[in-house]
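S.K.: sequence unknown, structure follows:
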């Protein structure tokens, strides 16, 4: 009886080995359940598995994210403490990463924020090196530090978006390579911003440009306002949706030309026929939850598809809980009520960029001038669809 059982198991093993070595449909189906990091390792087993892994990777077209809030028990920022482990579990190959953290906790050193442990600036090459190790080679990483963070919790127990004006918080949104969508990072300072540079970044003379997310740092310094107008002027004339804010600093990519403390702008230019966007401005007259929800609900008119859509909230540090008479999370809750299945991310900054605008297919609804894109004590709420 024992010999018969051994023979039966041996026969089953040989059949399984044959299927896994020869039947691409079965292998490909199995690999859809494997996280991307493991999938890349599996691809080196044999030619069949490599081809199956490549086909699976091409189907992974939806963005994902990792987020965290503190305080962290370790000597690292809450996001940095979980990032490497969580990236191992994602089901896409990140091509572009947009990371944001609170500037108070991140003003410490490298990934260690307690002053007595600090050895070097978090905005040093060490920070970028750490991020480069976590994400694939060739991945564009845009790192921003701002006074407050808006995030949607990640993981199996993901809940509604939360506003963090105090305490430790951060997120990393990962965009894969997507058909019909081109995401191009840009980073300019006063020395590198030229008409040619803007054109190479896809910000001007680009008929396919749909959405620009931009983050200006050190803008309060002498010449910063003129620099901001210099980049907003050509964008205001375009048919693209422009949204973003004035932030504390950036930590990735590293500066190439200007010295530490110089002003500059960083962001993402999203082009392609599958990209759609819509934004509304919650101005100073919006002072209660009912009015906030009514304004956010205007985004519904754009009829942006729900699948593979992400929300962005760029708010003034003067808004939030104190602005709404000690009511917390008012604007994030309003967004979640209107768009319960759409993740929301963003920041509290020192100025907002954006306006009421819809960008769909071949038309743009509502143009504005350069001054109409710059605001204070407002919130720009944005939807971006990636096909």
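M.R.: Thanks, I have the structure now. What you see is a predicted model, and the numbers here were worked out from it, not measured in a lab.
S.K.: The stretch 51-200 of the chain: helices as residue ranges?
M.R.: 78-87, 103-106, 125-134, 195-200 (DSSP state H, counting those that start in this stretch).
S.K.: Tabulate the ones you listed (JSON lines), appending mean neighbour count and mean pLDDT.
M.R.: For glycine as for every other residue, the C-beta is placed from the backbone atoms N, C-alpha and C. Supplementary listing: the helices of the stretch 51-200 of the chain in JSON lines, determined by neighbours: other Cβ atoms under 10 Å; pLDDT from 0 to 100:
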{"stretch": "helix 78-87", "mean neighbour count": "20", "mean pLDDT": "81"}
{"stretch": "helix 103-106", "mean neighbour count": "22", "mean pLDDT": "72"}
{"stretch": "helix 125-134", "mean neighbour count": "16", "mean pLDDT": "62"}
{"stretch": "helix 195-200", "mean neighbour count": "13", "mean pLDDT": "89"}
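S.K.: where are the low-confidence patches of this protein?
M.R.: 1-13, 57-58, 60-61, 72-75, 105-130, 156-158, 255-259, 362-371 (pLDDT under 70).
S.K.: tally of neighbours for residue 321?
M.R.: Per other Cβ atoms under 10 Å, the neighbour tally for residue 321 reads 14.
S.K.: one step back: mind checking which of the helices of the stretch 51-200 of the chain is nearest residue 324?
M.R.: helix 103-106 (21.9 Å; Cβ to Cβ).
S.K.: Of the helices of the stretch 51-200 of the chain, which is nearest residue 172?
M.R.: Here helix 78-87 is closest among the helices of the stretch 51-200 of the chain (Cβ to Cβ), at 6.3 Å.
S.K.: Report all helices and strands that that closest one contacts.
M.R.: strand 64-69, strand 94-102, helix 125-134, strand 169-176 (3 or more Cβ pairs under 8 Å, 6 or more residues apart in numbering; DSSP states H and E).
S.K.: Turn the ones you listed into JSON lines, including distance to residue 236.
M.R.: As requested, the helices and strands packed on helix 78-87 are exported to JSON lines (distance: least, Cβ to Cβ, whole Å):
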{"stretch": "strand 64-69", "distance to residue 236": "30"}
{"stretch": "strand 94-102", "distance to residue 236": "23"}
{"stretch": "helix 125-134", "distance to residue 236": "32"}
{"stretch": "strand 169-176", "distance to residue 236": "25"}
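S.K.: Relative to residue 285, which of the helices of the stretch 51-200 of the chain is closest?
M.R.: Using Cβ to Cβ, these put helix 103-106 closest to residue 285, at 28.8 Å.
S.K.: what helix or strand does residue 232 sit in?
M.R.: helix 224-236 (DSSP states H and E).
S.K.: Mind listing residues that contact that helix?
M.R.: 188, 190, 193, 198, 203-204, 212, 214, 216, 218-219, 242, 263-265, 353, 367-370, 372-374 (Cβ atoms under 8 Å, 6 or more residues apart in numbering).
S.K.: Pull out the buried members of the residues you listed.
M.R.: When the contacts of helix 224-236 are checked for burial by 16 or more other Cβ atoms under 10 Å, the buried set is 188, 190, 193, 198, 203-204, 212, 214, 216, 218-219, 242, 263-265, 353, 370, 373-374.
S.K.: I'd like to know which of the helices and strands packed on helix 78-87 lies nearest to residue 46.
M.R.: strand 169-176 (24.7 Å).
S.K.: Touching, residue 205 and residue 237? I think so.
M.R.: No - counting by Cβ atoms under 8 Å, residue 205 stays clear of residue 237, with 11.1 Å between them.
S.K.: OK, contacts around the closest residue to residue 55 other than its chain neighbours?
M.R.: Residue nearest to residue 55 in three dimensions, not counting chain neighbours: residue 28, with 6.0 Å by Cβ to Cβ, 6 or more residues apart in numbering. Each residue near residue 28 by Cβ under 8 Å, 6+ apart is listed here: 52, 55, 56.
S.K.: How many neighbouring residues does residue 25 have?
M.R.: 9.
S.K.: Dump the helices of the stretch 51-200 of the chain into a markdown table; add distance to residue 233 as well.
M.R.: Output for the helices of the stretch 51-200 of the chain, formatted as a markdown table (distance: least, Cβ to Cβ, whole Å):
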| stretch | distance to residue 233 |
| --- | --- |
| helix 78-87 | 35 |
| helix 103-106 | 28 |
| helix 125-134 | 31 |
| helix 195-200 | 10 |
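S.K.: before we move on, back to that, just the ones of the contacts of helix 224-236 in strands?
M.R.: 188, 212, 214, 216, 242, 264, 265, 353, 374 (DSSP state E).
S.K.: out of the residues you listed, who's nearest residue 162?
M.R.: residue 353 (22.8 Å).
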